[in-house]
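**Student:** Everything below, folded, please.
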Amino acid sequence: MDAPYSVLSTKYSVRAKLNDDPNRFGCDFCGLPIVAAGATALEANDSHYCCYGCRFAASIAAADGDEGQARWAMTRLGLAIFFSMSVMVFTMLLWSQPEESRDQLARVWYDLLRYACLLFTIPVVLLLGGPLIDDAATELRERRPSLGVLLGVGIFAALIYSMWSLFSGSGHVYFEVVATVLVALTLGRWFEATGKLKTTAALRGLKQLLPDTVRLILAGEERIADIKQLAAGDIFRVLPGERIPTDGEVVVHQAAVDEQAITGESLPVIRRPHDRVLSGTLVLDGPLEICAAAPADEGTLAQMIEAVVQATAHRTAQERLAERISRWFLPTVAFVAIATLAAHWWLGNPSGGLLAALAVLVIACPCALGLATPMALWAAIGRAAQSGVLIRDGDALAAIAKSNTICFDKTGTITTGQASVERLCLAAGASEQPVLRVAAALAHCSDHPLSIGVRNFAEKRLLQSTPAIRNVQVRAGSGVAGDFDELRGRALLGSRAWMIESGQQIPSGLVQANETADDAAETFVAWDGVVQGRFLIHEGVRPEAESTIAILKATGCRCVMLTGDRAARAQTLAHSLGLEFRAQLLPHQKLATIRELQALGTVVMVGDGVNDAPALAAADVGIALGSGADISRHFAGICLLTSDLSRLPWLIRLARHTDNAIRWNLVWAFGYNIGGIGLAAAGLLHPIVAAIAMGVSSFLVITNSLALARFDRNEPQLEARS
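**Tutor:** You can find the predicted model right below:
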């Protein structure tokens, strides 16, 4: 898991800072990452924007709440458009007049129009040139590679050249180019910034689910307090229509709770005393009094926000490729622009060379290339979060799109994890109460579903308290052991394989009884070197497991069940679901199986338990269920907030659409830049047309990416891969 982020949220902005990378921030407007090369280039208290469009859009959106500033920003843009249109009108009149007129009056009229163009261009430069200069200065100060500096140089070179031509009385003026390119660039960048802002809407929407205050219950009295004052163990009340501020356990009352915003479940669920509730969920009826399990900034909703920020700030393979290309892209564009100017100058057309060089700089602006990957990832990760799927690593999304093998843990993943003991078989000479007391004491030391089943079974039948236990050892995938004073030795609760490995004798009567129950799991309890009892346990299969596996197999995915259970039990379940299976696997054997399958392609591991952690970490993509252990969620790149396996086909479908969108964006961005630079260098692309084309290119990339933010989560089918 990456280092944690701090999330600072205002009305319109989200900033993410990676603790071990002090030069990596999120844009204050759109939230997309900024990387600064200088060791002290970025300060946490400064304002940072990924482009001058975000800088300008932030002023229009008035992120600081200053309405006067927002009105002035819009006024600046409107005035700049008015003056630019006036410059275009004057330029059209100039084009209608011959440069060398025989009529002295016409000559005066011609010069007046040229001066009018300058007069109306200066306000455009003052109104819109400031953000461009500020952005270029920031890039130079932070040593960030960008074309902002070159764009500024090109635009102001055209302005200076036009002024020289005007005052010298010879040569063409290109004030309309300066004004129109500035307006087109500003509008295009503003559109890009607002498009990027839409991709972070999911993150801001999640943040708004947390209330600002909480109803604390102190000494039996209710007090309204700031949510930051809420601590683990506090009792608080939530009224109908209010959202729960943090994770906790219901203490008093019951109510219907809408969990759709967090888990994606469409139907409300009834939460009663001792039931767990999640932060951000909505209480529909009846008040609830809840004991907080964690502060508000450590609840499920806060973890969702952190996971989304981590995933979007983490550079994917495609982004790293784009960054490597940008290292030579900027000097290459600068070289092409200079070479274009020199070639046209050598051909006797310096003014045409200046326009061509400016067109090269404008058309080469890598906006579409820079947006191609992060826009699609932001939209997809935000959409997944809205559906109760946390993608903590952008590369995991790309890997799952290419997956051809999906491995499932059995207990708690394919099965419900709610094990129930059907019966207890005792060895000859063993008594039920001692077996139950020892088994219950050992089962209390493990959270494995089979241990929970044994614990529940034993507690209902115990007539005495459980004995004291010391030196507890929990062995993942095998069982639990501990020392008992009254036994004067060590007792074990676990699998048959562990009993044999530990030298515990299994009476033949117990084995024979088990052979007739192949559809039941088994857990043994032993001490004094002899197995004293065997619990036959039944696990319910998740109702959506069969349909989910059928959909995955229909697309060509290989589905394999990995379990530590015995072969007979695994075979019965696997055949009923149409799965391949590997049985009697310890955690290190699951890990070896994952590596074996990786030799044949990309492997996804779906699990929930402590013993699944090594396999989740080793797989190309680890997916942890919401009911799983904390360690399994720690090692998984993707976490389901619920344990609904039907999310898997939808997730893979989203991943494939995202991968296709990124590929299309990159192909278009590369093709557009290469083709446009060639046309501009040849003098076939006017700077104004280049500025408009840049905006159109970004529009196509943004539109294609934002389609992922509306990705349908109700369609269960997956497209078959060719």
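**Student:** Helices of the stretch 201-350 of the chain, start to end?
**Tutor:** Remark: helices assigned in the stretch 201-350 of the chain by DSSP state H, counting those that start in this stretch are 201-207, 260-263, 300-313, 317-346, 350-363.
**Student:** Those: lowest mean pLDDT?
**Tutor:** Looking at those, the lowest mean pLDDT belongs to helix 201-207 (a mean of 60).
**Student:** Please put the alpha-carbon coordinates of the host helix or strand of residue 472 into CSV.
**Tutor:** Element membership of residue 472, judged by DSSP states H and E, is strand 470-475. Extracted as CSV, the C-alpha positions of strand 470-475 are listed here (Å, rounded to 0.1, in the frame of the first residue of the first chain):
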residue,chain,number,x,y,z
ARG,A,470,-2.0,-19.7,27.3
ASN,A,471,0.6,-19.5,24.6
VAL,A,472,-1.9,-19.2,21.8
GLN,A,473,-0.6,-20.0,18.3
VAL,A,474,-2.7,-19.2,15.2
ARG,A,475,-1.4,-20.9,12.1
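**Student:** Can you give me the buried ones in the helix or strand where residue 120 lies?
**Tutor:** In this structure, residue 120 sits in helix 104-142 according to DSSP H and E. Buried residues in helix 104-142, counted by 16 or more other CB atoms under 10 Å: 110, 113-114, 116-118, 120-125, 127-129, 131-136, 138-139, 142. (Each C-beta comes from the backbone N, C-alpha and C, glycine too.)
**Student:** packing partners for that helix?
**Tutor:** helix 52-61, helix 67-95, helix 148-168, helix 175-199 (3 or more CB pairs under 8 Å, 6 or more residues apart in numbering; DSSP states H and E).
**Student:** quick one: average confidence on the first one?
**Tutor:** In this model, helix 52-61 has an average pLDDT of 58.
**Student:** still on that earlier bit, touching the strand holding residue 472 from outside, list them.
**Tutor:** With CB atoms under 8 Å, 6 or more residues apart in numbering as the test, strand 470-475 has contacts from 445, 446, 480, 481, 482, 483, 484, 485, 490, 494, 498.
**Student:** for the third one, helix, strand, or coil?
**Tutor:** The one in question is residue 480. strand (DSSP: H, G, I helix; E, B strand; the rest coil).
**Student:** Can you get me a residue count around it?
**Tutor:** 22 (other CB atoms under 10 Å).
**Student:** Same check on the last one?
**Tutor:** Residue 498: 21 surrounding residues under other CB under 10 Å.
**Student:** Comparing the helices and strands packed on helix 104-142, which yields the minimum mean pLDDT?
**Tutor:** helix 52-61 (a mean of 58).
**Student:** Tell me the gap between the helix holding residue 120 and the middle of its chain.
**Tutor:** 43 Å (CA atoms, centre = their mean, to the nearest Å).
**Student:** between that helix and helix 148-168, how many degrees?
**Tutor:** On the basis of axes from the mean of the first three to the mean of the last three CA atoms, to 10 degrees, helix 104-142 is oriented at 160 degrees to helix 148-168.
**Student:** give me phi/psi at residue 600?
**Tutor:** Torsion angles at residue 600 (phi, psi; degrees, to the nearest 10) stand at phi -100, psi 0.
**Student:** Same question for the one 3 residues further on.
**Tutor:** In this entry, residue 603 is assigned phi and psi values of phi -120, psi 130 (degrees, to the nearest 10).
**Student:** picking up where we left off before, of the contacts of strand 470-475, which is the nearest to residue 281?
**Tutor:** Ranked by distance to residue 281 (CB to CB), the contacts of strand 470-475 are led by residue 446 at 29.4 Å.
**Student:** Surely that closest one touches residue 480?
**Tutor:** Yes - the pair residue 446 / residue 480 is scored as a contact, 4.6 Å apart, by CB atoms under 8 Å.
**Student:** Need the overlap of contacts for these two.
**Tutor:** Common neighbours of residue 446 and residue 480 (CB under 8 Å, 6+ apart) are 474, 493.
**Student:** Identify the residues contacting the nearest residue to residue 268 once chain neighbours are set aside.
**Tutor:** Of all residues not flanking residue 268 in the chain, residue 256 sits nearest, at 4.2 Å (CB to CB, 6 or more residues apart in numbering). Applying CB under 8 Å, 6+ apart, we find residue 256 in contact with 268, 269, 270, 271, 283, 284, 285, 286.
**Student:** Farthest pair within those residues?
**Tutor:** 269 and 286 (13.4 Å).
**Student:** which residue ranges form the strands in the stretch 451-600 of the chain?
**Tutor:** Ranges of strands in the stretch 451-600 of the chain, per DSSP state E, counting those that start in this stretch, are 470-475, 479-484, 489-494, 521-527, 530-541, 558-562, 580-582.
**Student:** between the ones you listed, which one is nearest to residue 400?
**Tutor:** strand 558-562 (14.2 Å).
**Student:** Regarding the spatially closest residue to residue 462 that is not a sequence neighbour, what is its secondary structure?
**Tutor:** Leaving aside its sequence neighbours, residue 462 sits nearest to residue 436 (CB to CB, 6+ apart; 5.5 Å). State at residue 436, reduced to three classes by three-state DSSP: helix.
**Student:** I figured residue 436 was touching residue 465, is that so?
**Tutor:** No - Residue 436 lies out of contact with residue 465 (CB under 8 Å); the separation is 11.4 Å.
**Student:** Look at those two and report which has more neighbours.
**Tutor:** A side-by-side neighbour count of residue 436 and residue 465, using other CB under 10 Å, places residue 436 first with 24 against 9.
**Student:** how close does the more buried one get to residue 241?
**Tutor:** 47 Å (CB to CB, to the nearest Å).
**Student:** just to revisit the earlier point, make a markdown table out of the strands of the stretch 451-600 of the chain and add distance to residue 156 and mean pLDDT.
**Tutor:** Formatted as a markdown table, the strands of the stretch 451-600 of the chain follow (distance: least, CB to CB, whole Å; pLDDT from 0 to 100):
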| stretch | distance to residue 156 | mean pLDDT |
| --- | --- | --- |
| strand 470-475 | 70 | 86 |
| strand 479-484 | 74 | 90 |
| strand 489-494 | 77 | 90 |
| strand 521-527 | 76 | 88 |
| strand 530-541 | 70 | 86 |
| strand 558-562 | 60 | 90 |
| strand 580-582 | 67 | 88 |
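**Student:** which one of these is the most hemmed in?
**Tutor:** Most buried of those by mean neighbour count (mean count of other CB atoms under 10 Å) is strand 521-527; its value is a mean of 25.
**Student:** centre of the chain versus that strand, how much separation?
**Tutor:** Put simply, strand 521-527 sits 43 Å off its chain's centre (CA atoms, centre = their mean).
**Student:** Output the lowest mean pLDDT helix or strand found in this protein.
**Tutor:** Across the helices and strands of the chain, mean pLDDT, DSSP states H and E gives its lowest value to strand 5-9, namely a mean of 24.
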